[in-house]
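Undergrad: this is a predicted model, with the sequence first.
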Amino acid sequence: MTSPALDEDATGSIPVSAPMPAASPLPSLAADDWALASKALARALDPQGPEGAVVWENAASGARGSVTPVGLAYAADGQTCRAFLAEIAGGAAVQRLQGRGCREGQGGWAVSDLRPFGS
């Protein structure tokens, strides 16, 4: 018995899911926290986005943070990149970080050069 062919065309009745964010660049940040943080990162780094900090919070885990773009977006290796500062709090610990994000093909941002702020 053969199965019917799958119809892979997107329709208006079933939303097309957004691409999943890449794995967290911080081992200490849980996947559900990174899902929220990566959305804030994308908004903060977007050249047409807000100019100030973008905050995020996961009420379930208690983790929260902010991403602040630094300077203007620039081209590097054919990608749009932007430097950022981030603050991540979970429990009593607070991490202050600096890094760079570059837009990937699907519209997500790949984080690189992530290190403690000031190092």
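TA: Arrived safely, thanks for sending.
Undergrad: now the strands for this structure?
TA: 54-57, 64-76, 79-90, 93-103, 109-116 (DSSP state E).
Undergrad: residue 72: what's it in contact with?
TA: Neighbour list for residue 72: 47, 82 [criterion: C-beta atoms under 8 Å, 6 or more residues apart in numbering]. (C-beta placed from N, C-alpha, C; glycine too.)
Undergrad: and the spatially most central residue of the chain, how far from residue 110?
TA: Among the residues of the chain, the one closest to the centroid is residue 38, at 2.0 Å (C-alpha atoms, centre = their mean). Distance of residue 38 to residue 110, given as C-beta to C-beta, to the nearest Å: 10 Å.
Undergrad: before we move on, what about residue 52?
TA: According to C-beta to C-beta, residue 52 and residue 110 sit 23 Å apart.
Undergrad: those two - which one has more neighbours?
TA: residue 110 (13 against 10; other C-beta atoms under 10 Å).
Undergrad: quick one: contacts for that one?
TA: By C-beta under 8 Å, 6+ apart, the contact set of residue 110 is 22, 101-104.
Undergrad: ok, what's across the strand from it?
TA: Going by DSSP bridges, residue 110 is paired in beta bridges with residue 102.
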